[in-house]
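Novice: My questions concern the predicted model and sequence given below.
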Amino acid sequence: MSGGYIRRQKKGQHQVVHFTFAGQIDQKHADKWNAQLAEFKALLGHNLTGITIKGDDTPPKYGKMVAKKMKR
């Protein structure tokens, strides 16, 4: 999905939104993200049922392909 828009939903429905970050994120931006996320959680209350964050290293065999694609 591009743009990150959600739609109105009825009781019993749910929507899943994924964010994918690539490359280095400095502490300033991480702190801003975390502050905004706390605000977002407060705004949506019980409607926001879960947030999962997990970081993985890109396997070396794929790292070069990603770098080449980003140069285009």
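Specialist: Received the coordinates, thanks.
Novice: any idea how far G45 is from E39?
Specialist: Taken as Cβ to Cβ, to the nearest Å, the spacing of G45 relative to E39 amounts to 12 Å. Placement of C-beta: from N, CA and C, glycine included.
Novice: ranges for the helices of this protein?
Specialist: Remark: helices assigned in the chain by DSSP state H are 27-44, 60-71.
Novice: Please convert the ones you listed to CSV, extending it with mean neighbour count.
Specialist: As requested, the helices of the chain are exported to CSV (neighbours: other Cβ atoms under 10 Å):
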stretch, mean neighbour count
helix 27-44, 10
helix 60-71, 9
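Novice: Lowest mean pLDDT across the ones you listed, which one is that?
Specialist: When those are compared on average pLDDT, helix 60-71 comes out lowest at a mean of 65.
Novice: nearest to I53, of the helices of the chain?
Specialist: Ranking those by their distance to I53 (criterion: Cβ to Cβ) puts helix 27-44 first, at 9.1 Å.
Novice: Of all the helices of the chain, which one comes closest to R7?
Specialist: Comparing those under Cβ to Cβ, the one sitting nearest is helix 27-44, at 14.8 Å.
Novice: neighbouring contacts of the closest one?
Specialist: Counting by Cβ atoms under 8 Å, 6 or more residues apart in numbering, helix 27-44 makes contact with I25, L48, I51, all of which sit outside it.
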